[in-house]
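Trainee: for reference, the sequence and a predicted model appear below.
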Amino acid sequence: MTAIGRLRRTAFGIPSAQAVFSRPGFTPEAWQRFAPVARSLMEGYHASLEDPRLPALAARLDAVDPELQGFAYEGAGMGLAALDAVAPWKRRLPAFMAGPAARHAYPAYVGVGLAFARLRRSPEAQLALLDPLLGWVTADGYGFHEAFFRRRRYVLHRAVPTHLTEYGRRCFDQGVGRALWFSAGGRVPLVARLVDGYAPERRADLWGGVGLAASYGGGADERSLRDLRDRVGPHRVRLARGAATAAWGRRQAGGTAPHTELACRVFCGLGGAEAAHAVEEARRDLPTVSVEPPYEIWRQRIEHALAATAAPSP
């Protein structure tokens, strides 16, 4: 590690992933089940601080277990976005997204949203500089950060981020849903109780985030996933969209994971390859100019494609 890398690590590093998971509101299962996820994200974040040169950074990220690489790229996206904020003339993030992170674009943009939250920057103010489709994922990362690190305000008191637009708040809530899954350690009854505490109009996006986290990050066996599916009522298709998006993200990176395949079967009624194909097909010919953001049109198309197989059994 270079001297400047040590300086950046000292200034911006996070001392302990386990300490984050030990704060009030986090279940013991959170660390037990998701320690590898947290450590991989921290590895990517600290790697980007220690040596942000792309060849060196990519080598470290690609050395992470393939099932966990997406989380390492998420951490790196967070770190590079933070470094660009401190030294904007460097513009490291665009080269990273166009190069090493192209296969992990979705989680990398989540990481950028984490950085925006830590820097108190609105993700919507940065959209013009980001991918027109996946740029909205930064608002998801922003929401995850706030629910994870400012739990009292955004989970206990269920605050609404009024500084975001109506659609920005929907993406924010998807991130909140992901944070609920991880902080609850994948305990389905607790997750359901937390989601039910929010206003009814927020629950669809919260459940979408829960479905994405449970499918990409794992943490539950088949029985628990079926219990989750049976608790969400009219929002089954949101769980299905989350699972299919997780499968698509993993296949974009050239792999898959057993827990993602399982979630696709339970939530989508499809195998992971079929679910990922539905997501890729939904991305075709998205309008470049429309009243609704392309990201929302994409999400709606995915739900429409999965509606029949994700529907409740008669």
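Mentor: Ah, there it is.
Trainee: endpoints of stretch 257-266, how far apart?
Mentor: Terminal residues of stretch 257-266 are spaced 15 Å apart (Cα to Cα, to the nearest Å).
Trainee: flag every buried residue along it.
Mentor: Ala257, His259, Thr260, Glu261, Leu262, Ala263, Cys264, Arg265, Val266 (16 or more other Cβ atoms under 10 Å). (Glycine included, C-beta is placed from N, CA and C.)
Trainee: list the contacts for the second one?
Mentor: Think His259. Neighbour list for His259: Ser215, Gly217, Gly218, Gly219, Ala220 [criterion: Cβ atoms under 8 Å, 6 or more residues apart in numbering].
Trainee: repeat that for the first one.
Mentor: Remark: with contacts taken as Cβ under 8 Å, 6+ apart, Ala257 is in contact with Glu67, Gly218, Arg250.
Trainee: do the third one as well
Mentor: Shown here is Thr260, whose contacts under the criterion Cβ under 8 Å, 6+ apart are Ser215, Tyr216, Gly218, Ala243, Ala246, Ala247, Arg250, Gly272.
Trainee: where in the chain is pLDDT low?
Mentor: Residue ranges of the chain with pLDDT under 70: 1-13, 15, 311-314.
Trainee: can you tell me which residue is spatially central in this structure?
Mentor: Closest residue to the average C-alpha location of the chain: Val110 at 5.2 Å, with Cα atoms, centre = their mean.
Trainee: now the helix or strand where it lies, how far from the centre of its chain.
Mentor: Val110 belongs to helix 105-118 when assigned by DSSP states H and E. Relative to its chain's centre, helix 105-118 lies at 8 Å (Cα atoms, centre = their mean, to the nearest Å).
Trainee: could you do stretch 130-144 as well?
Mentor: 9 Å.
Trainee: could you do stretch 41-55 as well?
Mentor: Remark: stretch 41-55 is offset 19 Å from the chain centroid, using Cα atoms, centre = their mean.
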